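K.L.:
Compute the structure for the input listed below.
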Amino acid sequence: MAENGQPVAVWLGAAASALALLAFFGVTSFDELGAKLDPESASRDACTDASRAWREYGEDMPSMGMEQSLRLYGQKLSAVAEETENVELRELLRIDGEASTEFAQAMARKESYRSSASTRSYNARLAWGKLCTELSESN
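P.N.:
Numbering: from 1, shown residues only. Here you go, the predicted structure:
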């Protein structure tokens with residue numbers, strides 16, 4: 001019986017050592033480990049979240065209403081931007097999110113015809129889409 005317990009103890013000791021080593025380097029979750037091993041993985045995840053937000057809110061404007069859809073899309077994109085470490089991607093997502101929210105507010109005030117927010121959002125969406133394509137192709 002002791003012979004069978006020894007390999008288990010070895011594996012537990014090795015696992016504990018590996019966890020201690022990871023903690024020493026500041027890794028406390030599998031997501032952080034993935035980000036350390038592949039720094040662009042977090043950016044690709046942000047791209048996935050941003051694309052999902054566009055599909056959920058941007059493409060669903062007719063059923064939800066354009067104003068509400070843009071407001072929700074802007075909020076989601078701003079949240080994704082806050083979590084993104086890639087500076088260029090974070091800035092593009094932030095611009096798109098803020099401009100979408102701004103355009104929704106202009107629509108509520110019946111002043112959307114005066115707002116340049118729609119153009120800023122569109123240009124930022126094209127730019128982050130291109131950046132996300134480059135990130136996925138570099139993988």
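K.L.:
going forward, measure contacts and count neighbours with C-alpha atoms only.
P.N.:
OK.
K.L.:
show me where the protein has helices.
P.N.:
Counting by DSSP state H, the segments of the chain that form helices are 2-24, 30-37, 40-53, 61-64, 66-83, 87-108, 117-137.
K.L.:
where does this protein dip in pLDDT?
P.N.:
Flagging of the chain using pLDDT under 70 yields the residue ranges 1-5, 19, 22, 25, 27-39, 58-63, 139.
K.L.:
switch to 50 and redo it
P.N.:
1 (pLDDT under 50).
K.L.:
now the residue nearest to Leu131 when sequence neighbours are not counted: how far from Gly129?
P.N.:
Computed as Cα to Cα, 6 or more residues apart in numbering, the closest residue to Leu131 that is not its neighbour in sequence is Leu89, at 7.3 Å. Leu89 is 10 Å from Gly129, where distance means Cα to Cα, to the nearest Å.
K.L.:
And these two? Which one has more around it.
P.N.:
For Leu89 versus Gly129, neighbours defined as other Cα atoms under 10 Å are more numerous around Leu89 (23 against 18).
K.L.:
Isn't the more buried one up against Lys130?
P.N.:
No - look at Leu89 against Lys130 with Cα atoms under 8 Å: they stay out of range, at 10.2 Å.
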